[in-house]
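**Student:** Attaching a predicted model along with its sequence, questions to come.
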Amino acid sequence: MESSSSTCNYGDNEHPRSIIHIDIDCFYAQVEMLRNPELRTVPLGIQQKNIIVTSNYEARNYGVQKCMLVSDALKTCPNLKLVNGEDLHDYRAASNKIFELLQTWKCPVEKLGMDENFIDVTKLVEEKLKCVHIESVTHSGHIYNESGIECLCGCHTRLKVASQLANEIRQKIYDELGFTTCAGIAHNKLLAKLVCPLHKPNNQTTICPEHATEFMSTLQSVRFIPSIGLKTTETLISHKIISVTDLQQVPLDILKKHFSSDMAVRLKNLSLGEDNTPVKQTGKPQSIGLEDSFKTVSVKSEVEDKFCALLQRLLILVREDGRIPVSLRVTLRKKDAKRLSSHRESRQCQISPSIFIITNGSLTVTNVGQQKLMTIIMRLFNKLIDLSKPFHLTLVGLAFTKFQERMTGRSSIVNYLMNDISVQSVLNLQNDCDTSASSMDYSAASPSSSTTTDLSDAEVEPSPKKPKKVTWIAKRRCLSKEEVASPSKLKVGELRLNSKELEKVSELRLNSRDRSLTPRASPAKDNLSDASDTMKDIAEGGNCDDCPSYVDKEVFNALPDEMQQELKVMWKNPTSSGMTRSSPRTMNKAKPNTLLKYFVPHK
Ligand code: DGT
Ligand code: MG
């Protein structure tokens with residue numbers, strides 16, 4: 001459950017936000033029907049093990065339900081066509097495509113599971129309202145309990161516009177990807193999600209704030225409130241708070257006896273349909289993993305086969321993700337025959353990024369690289385299992401848990417040039433022209449994924465020993481050879497520099513930072529000669545006579561002409577650009593996030 005600290009505070013009677021919740025109809029079934037159109041007209045069930053995890057609406061008409069046993073489903077609908085849905089790859093790919101499409105509205109999008117997304121269209125609604133006559137705005141789709149007095153804050157009109165947007169979004173998902181969807185539209189996430197399935201399939205429902213309490217009271221169990229989990233439900237039930245109406249009616253003081261004060265308030269608010277949690281833009285996952293469960297495996301060679309199969313599938317996911325992994329985790333579930341129980345154990349270690357090669361913008365691993373990974377996996381396995389004794393496993397898992405992030409740190413120029421990012425993108429260097437250097441580059445591994453490392457990388461792979469500076473030199477050499485750097489998942493349209501320029505700028509900047517930290521040594525002394533030549537080549541193209549003294553000329557010269565001109569104008573007219581020449585530090589304070597700041601030498 002969200003803590004109250006992560007909520008936005010709005011005035012009591014104001015409903016400023018417009019939130020859309022979108023859910024794909026019979027998701028796995030639609031993926032299968034898109035793959036094989038013959039399935040569209042027959043009752044279809046998606047099977048995992050002996051369970052129907054979903055079915056198309058044709059099958060639902062016969063009474064086939066989610067989580068039915070396959071045997072029961074076939075009794076209910078003898079002509080049910082079954083498709084195995086245990087390989088989630090295509091479902092994940094479809095889910096990612098939908099998420100990517102939703103980004104095109106430039107609003108915060110929060111992914112919830114595989115087929116649900118929240119979109120905060122508040123700003124878009126405001127913009128739309130500037131160009132339309134309020135009287136001409138109508139609702140699209142269904143409205144929950146239409147009668148209602150116009151709210152003074154104007155939310156009815158905003159929700160009408162949001163419903164039009166929801167319709168537009170759903171239409172685009174259908175036109176471009178072929179999926180029908182449902183949508184819920186409300187002033188908060190809770191209500192948007194809850195009204196979404198009211199008119200299934202392929203439809204949408206809007207609810208206005210004045211109906212929130214009444215709508216919530218229609219929920220039979222507190223468990224139906226999305227952020228109330230099993231444990232909270234149990235506690236509530238143990239105190240005879242079963243339905244949402246019970247929760248609405250119980251005095252807050254009583255709730256506070258059983259829950260923390262924050263939690264009690266949150267529960268009370270939820271029961272009344274109040275929810276201030278923001279739509280948080282979803283980023284890339286911190287780890288990418290797969291697991292395989294089975295009855296029992298007790299032979300090492302069988303375990304190896306399982307890992308090998310898992311690795312093949314995992315490498316496909318990593319390729320699609322685009323980031324270069326630098327850490328690998330192995331998980332086992334061990335069965336304890338004596339205690340009739342099982343438990344999980346994991347070990348992880350760093351891996352060399354040089355195992356991964358980027359060819360034509362796509363991440364690949366050679367056969368030799370795969371063998372290396374298998375060696376690492378089996379070494380981790382040996383750490384987890386004492387092979388001198390019998391073992392019984394019921395699950396093996398593999399996950400890449402840390403990724404190399406390049407040029408996405410706080411001071412990266414990417415951050416200065418993108419408007420609305422939460423930076424998760426990676427600029428893929430063409431590191432296939434170099435192995436030694438990139439294998440050293442652990443320095444920029446994602447800080448967010450600093451999970452504990454059970455084994456030191458030295459036990460599995462040699463740890464990086466070369467100094468950072470050498471790494472950068474080798475990388476730059478690589479660039480100058482290839483002249484390519486492809487931004488795989490970066491929204492290039494949002495950058496003013498192209499990827500090649502960004503690479504150059506960032507490398508030059510980092511290099512100059514290196515040099516500013518260490519007094520310039522003679523090339524012969526620190527092996528910088530190649531690097532200096534390359535720097536000179538790049539620097540020769542531009543002209544920075546008008547730059548202030550603190551500006552790194554090489555960085556400046558690597559910028560596109562128009563940006564150079566823009567900066568020169570700003571330097572010439574410091575007052576109009578809101579800066580003074582007094583010192584770079586003052587400049588920093590005067591304009592905290594301007595391009596100019598980028599030129600302040602790092603201490
Ligand atoms: P809908 O939204 O009611 O039209 O139908 P679905 O199939 O989209 O259902 P939803 O949105 O609850 O779940 C999305 C997908 O997730 C669904 O197509 C299959 C999978 N799924 C749902 N429930 C379960 C479950 O209990 N177990 C497993 N393994 N997968 C599930
Ligand atoms: Mg769905």
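**Tutor:** That came in fine, so what should we check first? Ligands and ions are numbered 1, 2, ... in the order given.
**Student:** switch to C-alpha atoms for all contacts and neighbour counts from now on
**Tutor:** Will do.
**Student:** Please enumerate the helices of the stretch 151-300 of the chain.
**Tutor:** Applying DSSP state H, counting those that start in this stretch to the stretch 151-300 of the chain gives helices spanning 155-177, 189-195, 212-216, 230-238, 244-249, 252-258, 261-271, 300-321.
**Student:** okay, these, which one's buried deepest?
**Tutor:** Among those, helix 189-195 has the highest mean neighbour count (mean count of other C-alpha atoms under 10 Å), at a mean of 24.
**Student:** Which secondary structure elements does that helix sit against?
**Tutor:** Of the remaining helices and strands, those touching helix 189-195 by 3 or more C-alpha pairs under 8 Å, 6 or more residues apart in numbering; DSSP states H and E are strand 19-24, strand 181-186, strand 204-206.
**Student:** quick one, which of those strands is nearest to ligand 2?
**Tutor:** strand 19-24 (4.2 Å; C-alpha to the ion).
**Student:** buried set for the next helix-or-strand element following the closest one?
**Tutor:** Toward the C-terminal end, the helix or strand that comes next after strand 19-24 (DSSP states H and E) is helix 27-35. Buried residues in helix 27-35, defined by neighbour count with 16 or more other C-alpha atoms under 10 Å: 27, 28, 29, 30, 31, 32, 33.
**Student:** how about the residues you listed, which pair is most distant?
**Tutor:** 27 and 33 (9.8 Å; C-alpha to C-alpha).
**Student:** Reformat the buried residues of helix 27-35 as CSV; add distance to ligand 2 and pLDDT.
**Tutor:** Shown next, in CSV, are the buried residues of helix 27-35 (distance: C-alpha to the ion, whole Å; pLDDT from 0 to 100):
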residue, distance to ligand 2, pLDDT
27, 5, 98
28, 8, 98
29, 10, 98
30, 10, 98
31, 11, 98
32, 14, 98
33, 15, 98
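**Student:** any weak-confidence spans in the stretch 501-603 of the chain?
**Tutor:** Applying pLDDT under 70 to the stretch 501-603 of the chain picks out residues 501-556, 558, 560-562, 571-603.
**Student:** ok, back up a step: looking at the helices and strands packed on helix 189-195, which is buried most?
**Tutor:** Comparing the helices and strands packed on helix 189-195 by mean count of other C-alpha under 10 Å gives strand 181-186 as most buried, with a mean of 30.
**Student:** elements contacting that one?
**Tutor:** strand 19-24, helix 155-177, helix 189-195, strand 204-206.
**Student:** a markdown table for these, including mean pLDDT and distance to residue 234?
**Tutor:** A markdown table is the format used below for the helices and strands packed on strand 181-186 (pLDDT from 0 to 100; distance: least, C-alpha to C-alpha, whole Å):
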| stretch | mean pLDDT | distance to residue 234 |
| --- | --- | --- |
| strand 19-24 | 98 | 28 |
| helix 155-177 | 97 | 35 |
| helix 189-195 | 98 | 21 |
| strand 204-206 | 98 | 31 |
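**Student:** of all those, which lies closest to residue 103?
**Tutor:** Per C-alpha to C-alpha, nearest to residue 103 of the helices and strands packed on strand 181-186: helix 155-177, 10.7 Å.
**Student:** circling back to that earlier point, out of the buried residues of helix 27-35, the closest to residue 233 would be?
**Tutor:** residue 27 (28.0 Å).
**Student:** Please name the residues that touch that closest one.
**Tutor:** 54, 91, 115 (C-alpha atoms under 8 Å, 6 or more residues apart in numbering).
**Student:** A helix includes the first one, no?
**Tutor:** No: assessed by DSSP: H, G, I helix; E, B strand; the rest coil, residue 54 does not belong to a helix; its assignment is strand.
**Student:** The nearest residue to it once chain neighbours are set aside: neighbour count?
**Tutor:** Leaving out its chain neighbours, the residue that sits closest to residue 54 by C-alpha to C-alpha, 6 or more residues apart in numbering is residue 66, at 4.9 Å. Residues near residue 66, counting by other C-alpha atoms under 10 Å, number 16.
**Student:** Okay, and residue 66 sits in which element?
**Tutor:** Using DSSP H and E, residue 66 is not contained in any helix or strand.
**Student:** Quick check: the gap between it and residue 124.
**Tutor:** 36 Å (C-alpha to C-alpha, to the nearest Å).
**Student:** Tell me where the protein is predicted with low confidence.
**Tutor:** Applying pLDDT under 70 to the chain flags the ranges 1-13, 148, 405-556, 558, 560-562, 571-603.
**Student:** Residue numbers of it in contact with ligand 1?
**Tutor:** Within the chain, the positions near ligand 1 by C-alpha under 6 Å from any ligand atom are 23, 24, 25, 26, 27, 28, 53, 54, 67, 115.
**Student:** The closest residue to the third one other than its chain neighbours and residue 386, how far apart?
**Tutor:** Read that as residue 25. Distances taken as C-alpha to C-alpha, 6+ apart place residue 181 nearest to residue 25, at 5.1 Å, with adjacent residues excluded. Distance, residue 181 to residue 386, using C-alpha to C-alpha: 51 Å.
**Student:** got a list of contacts for stretch 136-150?
**Tutor:** Contacts for stretch 136-150 (C-alpha under 8 Å, 6+ apart): 156-157, 159-161, 163-164, 167, 195, 199, 203-208, 210-211.
**Student:** at 10 Å what do you get?
**Tutor:** Here stretch 136-150 makes contact (C-alpha atoms under 10 Å, 6 or more residues apart in numbering) with 129, 156-168, 183-185, 195, 198-199, 203-212, 214-215.
**Student:** Which positions in that stretch come out as buried?
**Tutor:** Buried-residue list, stretch 136-150, by 16+ other C-alpha under 10 Å: 139, 140, 141, 142, 143.
**Student:** Format the residues you listed as TSV; extra columns: secondary structure.
**Tutor:** Below are the buried residues of stretch 136-150 laid out as TSV (three-state DSSP):
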residue	secondary structure
139	coil
140	coil
141	coil
142	strand
143	strand
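**Student:** For this structure, which residues are neighbours of ligand 2?
**Tutor:** Residues of the chain lying close to ligand 2 (C-alpha under 5 Å from the ion) are 23, 24, 25.
**Student:** From the buried residues of helix 27-35, pick the one nearest residue 133.
**Tutor:** Distances from residue 133 to the buried residues of helix 27-35, taken by C-alpha to C-alpha, are shortest for residue 27, at 37.5 Å.
**Student:** Make a markdown table from the helices of the stretch 151-300 of the chain and add distance to residue 120 to it.
**Tutor:** Output for the helices of the stretch 151-300 of the chain, formatted as a markdown table (distance: least, C-alpha to C-alpha, whole Å):
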| stretch | distance to residue 120 |
| --- | --- |
| helix 155-177 | 9 |
| helix 189-195 | 9 |
| helix 212-216 | 19 |
| helix 230-238 | 28 |
| helix 244-249 | 26 |
| helix 252-258 | 30 |
| helix 261-271 | 19 |
| helix 300-321 | 25 |
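**Student:** among those, which is nearest residue 40?
**Tutor:** Of those, nearest to residue 40 by C-alpha to C-alpha is helix 155-177, at 15.0 Å.
**Student:** Compute the inter-axis angle for that closest one and strand 19-24.
**Tutor:** Put simply, helix 155-177 runs at 30 degrees to strand 19-24, going by axes from the mean of the first three to the mean of the last three C-alpha atoms, to 10 degrees.
**Student:** circling back to that earlier point, can you turn the buried part of the contacts of residue 27 into a ChimeraX selection?
**Tutor:** Applying 16+ other C-alpha under 10 Å to the contacts of residue 27 leaves a buried subset, and the ChimeraX line that selects it is:
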select :54,91,115
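**Student:** Report the beta-bridge partners for the residue nearest to residue 25.
**Tutor:** residue 24 (DSSP bridges).
**Student:** Helix, strand or coil: sort out the closest residue to residue 84 other than its chain neighbours for me.
**Tutor:** Excluding the flanking residues, the one nearest residue 84 by C-alpha to C-alpha, 6+ apart is residue 47, at 4.8 Å. Assigned with three-state DSSP, residue 47 falls in the strand class.
**Student:** partner residues bridging residue 47?
**Tutor:** residue 52, residue 84.
**Student:** and what of residue 356?
**Tutor:** Applying DSSP bridges to residue 356 gives these bridge partners: residue 365.
**Student:** unless I'm mixing things up, it is touching residue 370, no?
**Tutor:** Yes: using C-alpha atoms under 10 Å, residue 356 is in contact with residue 370, at 9.4 Å.
**Student:** Cool, thanks, talk later.
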